[in-house]
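# after the sequence you'll find the predicted model.
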Amino acid sequence: MPADKKSTGNETAIDLIYNFLNEPALRGLSDLAIGGTFPLSNFQLGKGSCAKQFWYCYDRSQTQQEVYLAIEDSPKEWPRNRKAKEIPTAPESEILHRPTTSITFDDLNFDRTDIAQIDQFIQHHKDKNQSSRAISRAEVKNFGEIFITQFGGKKENKEFCYYPMAYFENFVPETGQWVIDDFLKIGNIQYVRYYFGLETSEGHGANRIRVVLFPIGYDRKRIQRAGVTNDVLQWSWPPDDKSLFTIDSTKKRCNVDHQFDLFEVETSVVI
């Protein structure tokens, strides 16, 4: 049985990763990859961009099967009244980027059933990948469909991944937060590393497979601010959970000039 889930910090993020690593129905996925690393240039918002979109990919065409995320800018806002049938199924860009390699969990030296050891793996991991490469829209769409078919859990009503994407918006009008801009102010970030997580709370809905983003420095290790444990990004669309928001707002989220100090809002990077 898995050990009691206790962590020295970032409980929510580490719990999600723990859940992913210990879900029997996703063992085939978690053995292939638990994350990847992008250079900072891939994560910085382009001109007119509202958000970063990540696309789940499962490539079985190679001798060595691969699971990874592809990344792109999105100039489109996420409508708060968007219906499930309106959620995008293909990237907006003709060319996206993906990590050159993926991160696999080190089962030889760490016990995935012990959340403390997962936490240690996350804190100290240094992958060799320092680059990304281009991937076409057509490839991402194809690999996304394969990912959903293989790991989505629709037939079993598991709600793992019904939509092949995770949309991280920058400005959240309901809270007034510039979450991506603030995330990039945490420290001298050189890379952004993602890990897969799994949300198990009742009523969450698809997608239960989540993307958790960590800031990474020159030494390719995680950056942490002293005394602050919520220095990750882990909230994205879908699902469309309106209960997260209580403030009505009509502010535009793209092409908005702003000045915002991360250190004035301690919880600015996690909703």
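That came in fine, so what should we check first? Residues are numbered from 1 along each chain as shown.

# tell me which residues touch the closest residue to Glu199 other than its chain neighbours, please.
Counting by Cβ to Cβ, 6 or more residues apart in numbering, Arg208 is the residue found nearest to Glu199 once chain neighbours are left out, at 4.9 Å. (C-beta placed from N, C-alpha, C; glycine too.) Residues in contact with Arg208, defined by Cβ atoms under 8 Å, 6 or more residues apart in numbering, are 153, 158-161, 198-200.

# for Arg208, phi and psi?
Arg208 adopts backbone torsions of phi -80, psi -30, taken as degrees, to the nearest 10.

# can I have stretch 153-170 written out in CSV, keeping just the CAs?
Taking C-alpha atoms only, stretch 153-170 is exported to CSV below (Å, rounded to 0.1, in the frame of the first residue of the first chain):
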residue,chain,number,x,y,z
GLY,A,153,-10.1,6.6,-19.8
LYS,A,154,-13.4,7.4,-21.5
LYS,A,155,-14.5,3.8,-22.0
GLU,A,156,-13.9,3.2,-18.3
ASN,A,157,-15.5,6.5,-17.3
LYS,A,158,-12.2,7.4,-15.6
GLU,A,159,-12.2,11.1,-16.8
PHE,A,160,-8.4,10.9,-17.2
CYS,A,161,-8.1,13.0,-20.4
TYR,A,162,-11.0,13.7,-22.7
TYR,A,163,-9.4,16.8,-24.2
PRO,A,164,-5.8,16.8,-25.5
MET,A,165,-4.8,20.2,-24.1
ALA,A,166,-4.1,22.3,-21.0
TYR,A,167,-4.6,26.1,-21.4
PHE,A,168,-2.7,28.3,-18.9
GLU,A,169,-4.0,31.8,-19.1
ASN,A,170,-1.9,34.8,-18.1
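
# any buried residues in that stretch, and which?
153, 158-170 (16 or more other Cβ atoms under 10 Å).

# just these now: which is nearest Tyr191?
If you rank the buried residues of stretch 153-170 by distance to Tyr191 using Cβ to Cβ, Phe168 comes first, at 16.0 Å.

# per-residue pLDDT, that closest one?
According to the per-residue confidence, Phe168 scores 96 in pLDDT.

# swap in Phe245?
37.

# check Pro239 too.
At Pro239 the predicted local distance difference test score is 80.

# just the one 3 residues further on next, same as before
Lys242 carries a pLDDT value of 47.

# cool, and Ser268?
At Ser268, the pLDDT recorded in the model is 34.

# going forward, begin numbering at 16 instead of 1
Done: numbering now begins at 16, and the last item shifts to Ser283.

# low-confidence stretches in the chain?
16-26, 241-245, 255-286 (pLDDT under 70).

# which other residues reach the helix ranked longest in it?
Longest helix of the chain, by residue count under DSSP state H: helix 152-166. Residues from elsewhere that reach helix 152-166 (Cβ under 8 Å, 6+ apart): 41, 43-44, 70-75, 82, 85, 104-106, 108-111, 169, 175-180, 224.

# mind checking which of the residues you listed are buried?
In terms of neighbour count (16+ other Cβ under 10 Å), the buried residues within the contacts of helix 152-166 are 41, 44, 70-74, 82, 85, 106, 108, 111, 175-180, 224.
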